[in-house]
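**Student:** Using only what follows, build the 3D model:
(one chain, ligands or ions: 1)
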Amino acid sequence: MTVRTCPRCGWPVAELTPDPGEELPTSGGRVGYRRCVCGSWLVVLDGIVAGSTRIPGGLPAG
Ligand SMILES: [Zn+2]
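**Tutor:** Below is the predicted model:
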């Protein structure tokens, strides 16, 4: 299943501001975090949402 929108609010990931400096190339693609307009942090793998969390004021640990 591919998800290209925020699972919490449905905002398209492509509309979020990219932060290339935070993306890390891996064997599975480029992984990075995006801060959604709803306040959630989205884990984005090559433009596809791989996970989400909501921790005010910081990135998810681990
Ligand atoms: Zn959202």
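**Student:** ok, the residue sitting furthest away from the middle of the chain - contacts?
**Tutor:** Of all residues in the chain, residue 27 has its C-alpha farthest from the mean position, at 17.6 Å, by C-alpha atoms, centre = their mean. The contact partners of residue 27, taken as C-beta atoms under 8 Å, 6 or more residues apart in numbering, number zero. For the C-beta atoms, the positions are set from N, CA and C on the backbone; glycine is no exception.
**Student:** Distance check, it against the ion.
**Tutor:** 28 Å (C-beta to the ion, to the nearest Å).
**Student:** dump the residue contacts of residue 6.
**Tutor:** Counting by C-beta under 8 Å, 6+ apart, the residues that residue 6 touches are 12-13, 36-38, 40, 42, 49, 52.
**Student:** List the beta-bridge partners for the residue nearest the centre of the chain.
**Tutor:** The structure's the chain has its C-alpha centroid closest to residue 42; by C-alpha atoms, centre = their mean the separation is 2.8 Å. Note on residue 42: beta-bridge partners by DSSP bridges are residue 34, residue 52.
**Student:** Would you agree it is in contact with residue 13?
**Tutor:** Yes. Here residue 42 lies in contact with residue 13, judged by C-beta atoms under 8 Å, at a distance of 6.5 Å.
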